[in-house]
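[1] need a 3D model of the following:
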Amino acid sequence: MHIPERPELVNQGRDGLRVSDDRANILLVDDRDDKLLALQSILADLGQNLVLARSGGEALRVLLQREFAVIVLDVNMPGMDGFETAVLVRQRQNSELTPIIFISAVNYSEIHLVRGYSLGAVDYILAPIVPEILRAKVSFFVDLYKKTEQLKLQAEIQSRLARAEASRQEAEAANSAKDRFLAMLSHELRMPLTPILFSASMLSKDERLPDYARKQLESIAHHIQVEARMIEDLLDVARISEGKLKLTLDSVDIRALIDSALSICAENLSSKNLSVHRQFQAGDPLILADPARLSQVLWNLIQNAAKFTPSDGRVTVRVTNPEQGWLRVEVIDTGIGIGREALPRIFDPFEQVEAGRSGGLGLGLAISKAIVELHGGRISANSEGSQRGSTFVIELPNIVRELAEAGQTGGEGKVLSTPDRRQGAPNRPQILLVDDHHDTAEALRNYLGRVGYDVTVVPNIGAACKCFEQKSFDLLLCDIGLPDGRGEHLLQRLRDAGHRSPAIALTGFGAEPEIARSRPTGFYTHLTKPFSPQQLKRTVEEVLRGVGL
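    Residues are numbered from 1 along each chain as shown. This is a model prediction of the structure:
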């Protein structure tokens, strides 16, 4: 049998521990080839990886490259003998605990044996070698090594799992903290905007003020609404990027959502004398959708059409069923168009048709795309080029007519029962407004009073419950965050006491989880601060019409 000139380095694993999953390294050190051959023959049946070294120096070099289960080391070697080699083996960190079996052809005294054991030998075998004894001893240390490695591996796995779990918990805690921060930031940014928006909007209609002052107040109100929209867009982008944008599906008629969006955009459309054409050609206008989120998409597209269409232009909203099971909404304008190079990026965040000139952050279309795709639909844009107008197309599945008619896509348990109205109640509808932010409450009270409602204002849940004990109200307007609890807690207490007045939630916490948390308690809808006087008036009228007032 040929003895290789250099130690075997065969199939070494990445960690340098083993050649394969079930083979351990055994180092055989002897200066004579015939003795190395004999050791190989004795230990070959163990099926392990045998590495050969012909001197102490060569053995030390091999020990730098990998770990061994056991070292079989000849005592009598020229130059560096086995004892000297053992001393250096023990000085190296990766081999300080490796078992060493000394082999000697000379029967030295007990002092000689004691020296070997003191240098770290675990056994001392005298020649002639009994193969079964050597094989049994080496096999024992190989088994011990494998079990030790297995325990190390299990400990490492447990350690990694523990680190992964700690990292997951840390990430969840950080994510939760970020969500709380975003919710609080949203609330604090929105809260002061509401009284400013209401005051500016109301004063802009006061004919006692000079025209220039009213125009400036209109500008203030407009820019507050733009600021609020940017706040909401930034929060929506954060939700989308984290997969936290959720839908609350209901059976809705797309025509109603379009009419509502056109109504919201009416002022911008009329200010530029844009003609609006509705083309409702769909035989099946019902879809399963989140009304608030889909309204957001429609509002954004119509608002964009108004923004980028010159005065005296035209905006067309067309609704069709291009094929069975699908609904198509097209928003077509005669505006400035979209350049061919910009079309592929039009739905990317922070992209704008005319960067720096149109205002806003360029997030509306990116948010719209995410909302449409969450509905299982698709959105696209097309333009023939500059000054040739643009067309935005939304396609949504509407294969749920049967479900909607069967009542399987019902809403969120909205409370629409007619409230108890006592004899002699005033003709003006009675509203209880619960809001602890004094400036906001006063602005809402003044406005609602001017448009035909009697408004009672209280700052907390306790005062609201006392008011309901004393008289009936046609409508509850309730802030979600109150000093002595949450708005849904108040509504639940009123329901338990038998009061069935419809309720609208007013919230500066516009995140979807906050809204979803309060929905099941019976709020008819939510108004996220800051909302415009027109939004408030329209929502209040809609709710009161729903209960027959």
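[2] mean confidence score for the helix or strand where Ser176 lies?
    Assigned by DSSP states H and E, Ser176 falls within helix 131-190. In this model, helix 131-190 has a mean pLDDT of 83.
[3] same thing with stretch 25-36?
    Mean pLDDT, taken over the full extent of stretch 25-36, equals 92.
[4] show me what the helix holding Ser176 packs onto, helices and strands only.
    Based on contacts counted as 3 or more C-beta pairs under 8 Å, 6 or more residues apart in numbering; DSSP states H and E, the elements that helix 131-190 packs against are strand 23-29, helix 33-43, strand 70-74, strand 100-104, strand 121-126, helix 211-241. Just so you know, the C-beta spots here come from the backbone N, C-alpha and C atoms, and that holds for glycine as well.
[5] most tightly surrounded among these?
    Of all those, strand 70-74 has the most neighbours on average by mean count of other C-beta atoms under 10 Å, namely a mean of 26.
[6] so what does whichever helix or strand comes after that one touch, helix or strand wise?
    On the C-terminal side of strand 70-74, the nearest following helix or strand under DSSP H and E is helix 82-90. Counting by 3+ C-beta pairs under 8 Å, 6+ apart, the packing neighbours recorded for helix 82-90 are helix 56-63, strand 70-74, strand 100-104, helix 110-118.
[7] mind putting the ones you listed in a markdown table, mean pLDDT and distance to Ile336 included?
    Written out in a markdown table, the entries for the helices and strands packed on helix 82-90 read as follows (pLDDT from 0 to 100; distance: least, C-beta to C-beta, whole Å):
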| stretch | mean pLDDT | distance to Ile336 |
| --- | --- | --- |
| helix 56-63 | 91 | 76 |
| strand 70-74 | 92 | 82 |
| strand 100-104 | 87 | 85 |
| helix 110-118 | 66 | 92 |
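[8] tabulate those (TSV), appending distance to Asn446.
    Rendered in TSV, the data for these read as follows (distance: least, C-beta to C-beta, whole Å):
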stretch	distance to Asn446
helix 56-63	88
strand 70-74	91
strand 100-104	94
helix 110-118	97
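[9] of all these, which lies closest to Glu541?
    Comparing these by their distance to Glu541 (C-beta to C-beta), the top pick is helix 56-63, with 87.4 Å.
[10] which residues are contacting the closest one?
    The set of residues external to helix 56-63 that reach it, using C-beta atoms under 8 Å, 6 or more residues apart in numbering, is 7, 27, 29, 51, 53, 71, 73, 77, 79-82, 84-85, 88-89, 92, 94-95, 98.
[11] rerun at 6 Å
    Taking C-beta atoms under 6 Å, 6 or more residues apart in numbering as the criterion, the residues outside helix 56-63 that touch it are 7, 29, 51, 53, 80, 85, 88, 95.
[12] how many residues are close by the nearest residue to Ile42 once chain neighbours are set aside?
    For Ile42, the nearest residue in space outside its immediate sequence neighbours is Pro131; the separation is 4.4 Å by C-beta to C-beta, 6 or more residues apart in numbering. Using other C-beta atoms under 10 Å, the number of residues around Pro131 comes to 14.
[13] ok, Pro131 to Asp143 distance?
    Shown here: Pro131 relative to Asp143, a distance of 18 Å by C-beta to C-beta, to the nearest Å.
[14] of all the helices and strands packed on helix 82-90, which lies closest to Lys537?
    helix 56-63 (85.8 Å).
[15] quick check: angle from the closest one to strand 23-29?
    160 degrees (axes from the mean of the first three to the mean of the last three C-alpha atoms, to 10 degrees).
[16] and the angle for helix 56-63 with strand 70-74?
    The directions of helix 56-63 and strand 70-74 differ by 170 degrees, with the same axes, to 10 degrees as the criterion.
[17] from Leu327, how far off is Glu373?
    For Glu373, the distance to Leu327 (C-beta to C-beta) stands at 15 Å.
[18] please pick the buried ones from the contacts of helix 56-63.
    Neighbour counting by 16 or more other C-beta atoms under 10 Å classes 7, 29, 51, 53, 80, 85, 95 among the contacts of helix 56-63 as buried.
[19] in the protein, which helix or strand is least confident?
    Of the helices and strands making up the chain, the lowest-confidence element is strand 18-20, at a mean of 41, by mean pLDDT, DSSP states H and E.
[20] now the strands for the stretch 301-450 of the chain?
    With DSSP state E, counting those that start in this stretch, the ranges of strands along the stretch 301-450 of the chain come out as 314-320, 326-333, 378-383, 390-397, 430-434.
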